[in-house]
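**Q** how would this look folded up:
(one chain, ligands or ions: 2)
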Amino acid sequence: MAEATRFDAVVVGAGLAGATMAERLACAGRSVLVVDRRDHLAGNAFDHPDVHGVVIHRYGPHIFHSNSDAVVAYLSRFTAWRPYQHRVLARVPWRGRSELVPVPINRITINRLYGTDLDSAGVAALLERLREPRAPLATSEDVVLNAVGRELYEAFFRGYTRKQWGRDPSELDAAVTARIPTRSDDDDRYFTDSFQAMPADGYAALVERMLAQPRIQVELGRDLSAAAAHALAPLVVWTGPLDVYFACDYGPLPWRSLRFEHEHRPVICAQAAPVINECDASVPFTRTSELTQITGQVHAGTTLTREFPQDHGEPYYPVPAPEAKALADRYRTRAAAEPATIFVGRLAQYRYFNMDQVVAAALTQAEKLGAPPDGPSGVRLHADRVGG
Ligand code: FAD
Ligand code: UDP
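**A** Ligands and ions are numbered 1, 2, ... in the order given. Next up, the predicted model:
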């Protein structure tokens, strides 16, 4: 019982949601215990040097991008940034051959695939002829057919999506493929957010700095049930899976998982882009990332990470589909009736959040608890490379 009286709040999960909540609560004068069942900080954004000294993202490539000045200002108190604009190539099955082209689809993509030399207006006109107008845009299939038509849909989206989610795009919410725009100009950036950068020292260092406060205690390698968490403090911040909090009472929520394969190569650069998407359904993985191209680390070797989607294992993605939402809504109704628990983050809110959205959600929750955000701080950008 001694432990029960020591903390004002216990935060379950040391990812970006948990770290933001803990930092804000501590700044508001509360004592906080942060617990994570893994042996490291930063949740799925965790990065570390592998045995060869190459900084990798253990759970897949994490690129920070945001349109929120408030989130950028907040995180900038704990990190400098390395400017980075993400670019992706897609290997697509195309008319009996394989092509490596920019994704999102842009002018360069179209001209390469169709063997044309169209300007922007020409590409827009071609897409207008190719598209299959759909209304309403209810599913992920509708979104892509409506934008680019069937041939490009089959090449870029159908196989990749079926691998990634284990479902057809027609069974997924429109928002999934709506993450990927279609362009008729030469912009080949994956994101268009006003702020795009990598934390200069990585995500683990960022989270470590967020939690480096006398009022915060961190315990790694400890799995907490909801009951065990409530026994530790009067307030629980839950960033683990929403269904797990309720012992899956209404049945498990669907989650999509990944298996990561990290392969070291004794070369400086192993592939033509930081990330290559594999859109052909017959390739068992969805993408390969080369982290040195993202972090800017200069190293004699490189490590490639491949993502193999699977149903079992760690929950990485909530599934944006109608029946999953219906079940999540039942759990959300129950969560709203838990006065001593805050549910925040990608797993706890069962939302397909990017990192900045997770931090924004946590800042909002913390504010409701009386921990207002401090004034904005300057964004420090520096072009230094990490590692070496
Ligand atoms: P998490 O990072 O999942 O942290 C939750 C933590 O809680 C975990 O560490 C877990 O171990 C712990 N936990 C859970 N249950 C318990 C328990 N019972 N007891 C103790 N601890 C527990 N976002 C971007 O913005 N840009 C990207 O490029 C990007 N790429 C991604 C690539 C992949 C492959 C994946 C899977 C996600 C990506 N994301 C990206 C999303 C990003 O990972 C999330 O938005 C963010 O990390 C979620 O933070 P979180 O704190 O909510 O959850
Ligand atoms: N997608 C696709 N082909 C691509 C890129 C994306 O079919 O080349 C679809 C796929 O369904 C994917 C979704 O668009 O899950 C969102 O892509 P994003 O790269 O944002 O996924 P994440 O990085 O979250 O895994």
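
**Q** any idea which element the residue of the stretch 151-300 of the chain found nearest ligand 1 lies in?
**A** Relative to ligand 1, the nearest point of the stretch 151-300 of the chain is residue 240 (2.6 Å; Cβ to the nearest ligand atom). C-beta here means a position set from N, CA and C on the backbone, and glycine is covered the same way. According to DSSP states H and E, residue 240 maps onto no helix or strand at all.

**Q** regarding this structure, what is its longest strand?
**A** strand 255-265 (DSSP state E).

**Q** quick check: mean pLDDT of that strand?
**A** Averaged over strand 255-265, pLDDT sits at 98.

**Q** note down every partner strand of that strand and its orientation.
**A** strand 302-310 (antiparallel), strand 317-318 (antiparallel) (DSSP bridges).

**Q** pull the distance from the shortest one to the chain's centre.
**A** Spelled out, that is strand 317-318. Once both centres are worked out by Cα atoms, centre = their mean, to the nearest Å, strand 317-318 turns out to sit 10 Å from its chain's centre.

**Q** right, and the helix or strand after it?
**A** With elements assigned by DSSP H and E, the helix or strand that comes after strand 317-318 is helix 322-336.

**Q** can I assume the residue of the stretch 151-300 of the chain closest to ligand 1 is in contact with residue 350?
**A** No: using Cβ atoms under 8 Å, residue 240 is not in contact with residue 350; the gap is 11.4 Å.

**Q** how about the residues of the stretch 101-250 of the chain near ligand 2?
**A** By the rule Cβ under 6 Å from any ligand atom, the part of the stretch 101-250 of the chain lying against ligand 2 is 103, 156, 157, 160, 161, 164, 176, 177, 179, 180.

**Q** returning to that earlier point: for the residue of the stretch 151-300 of the chain closest to ligand 1, give its distance to residue 66.
**A** 24 Å (Cβ to Cβ, to the nearest Å).

**Q** look at those two and report which has more neighbours.
**A** Higher neighbour count among residue 240 and residue 66: residue 240, with 25 against 21, using other Cβ atoms under 10 Å.

**Q** which residues touch that one?
**A** By Cβ atoms under 8 Å, 6 or more residues apart in numbering, residue 240 lies in contact with 12, 13, 347, 348.

**Q** same thing but 10 Å
**A** 12-13, 15, 17-18, 35-37, 223-226, 229, 315, 343, 345, 347-348 (Cβ atoms under 10 Å, 6 or more residues apart in numbering).

**Q** okay, now the unreliable bits of the stretch 251-388 of the chain?
**A** Low-confidence regions of the stretch 251-388 of the chain, defined by pLDDT under 70, span residues 374-388.

**Q** count of neighbours near residue 22?
**A** 30.

**Q** just the element for it, please.
**A** Here residue 22, judged by DSSP H and E, is contained in helix 16-27.

**Q** that older thread, need the overlap of contacts for residue 240 and residue 350.
**A** 315, 343.

**Q** so what's residue 242 up against?
**A** Contacts of residue 242 (Cβ under 10 Å, 6+ apart): 248, 253, 315, 318, 327-328, 331-332, 334-335, 343, 345, 347-351.

**Q** so where do the strands sit in the stretch 151-300 of the chain?
**A** 195-199, 216-220, 235-238, 255-265, 275-278, 287-290 (DSSP state E, counting those that start in this stretch).

**Q** now do the stretch 1-150 of the chain
**A** Using DSSP E, counting those that start in this stretch, strands in the stretch 1-150 of the chain cover 9-12, 32-36, 47-49, 55-57, 64-66, 81-83, 88-94, 97-103.

**Q** what about the last one, distance to the chain center?
**A** Read that as strand 97-103. That offset, for strand 97-103, works out to 24 Å (Cα atoms, centre = their mean).

**Q** list the buried residues for that strand?
**A** Judged by neighbour count (16 or more other Cβ atoms under 10 Å), strand 97-103 contains these buried residues: 99, 101, 102, 103.

**Q** the first one contacts residue 112, doesn't it?
**A** Yes: Residue 99 lies in contact with residue 112 (Cβ atoms under 10 Å); the separation is 6.6 Å.

**Q** among the contacts of residue 240, the buried ones, what's the ChimeraX command?
**A** Applying 16+ other Cβ under 10 Å to those, the buried members can be selected in ChimeraX as follows:
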select :12,13,15,17,18,35,36,224,226,229,315,343,345,347,348
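
**Q** same for ligand 1: which of the contacts of residue 240 are within range?
**A** Counting by Cβ under 6 Å from any ligand atom, the members of those near ligand 1 are 12, 13, 15, 17, 18, 35, 36, 37, 223, 224, 345, 347.

**Q** where does the stretch 101-250 of the chain come near ligand 1, residue by residue?
**A** So the stretch 101-250 of the chain meets ligand 1 at 223, 224, 239, 240 (Cβ under 6 Å from any ligand atom).
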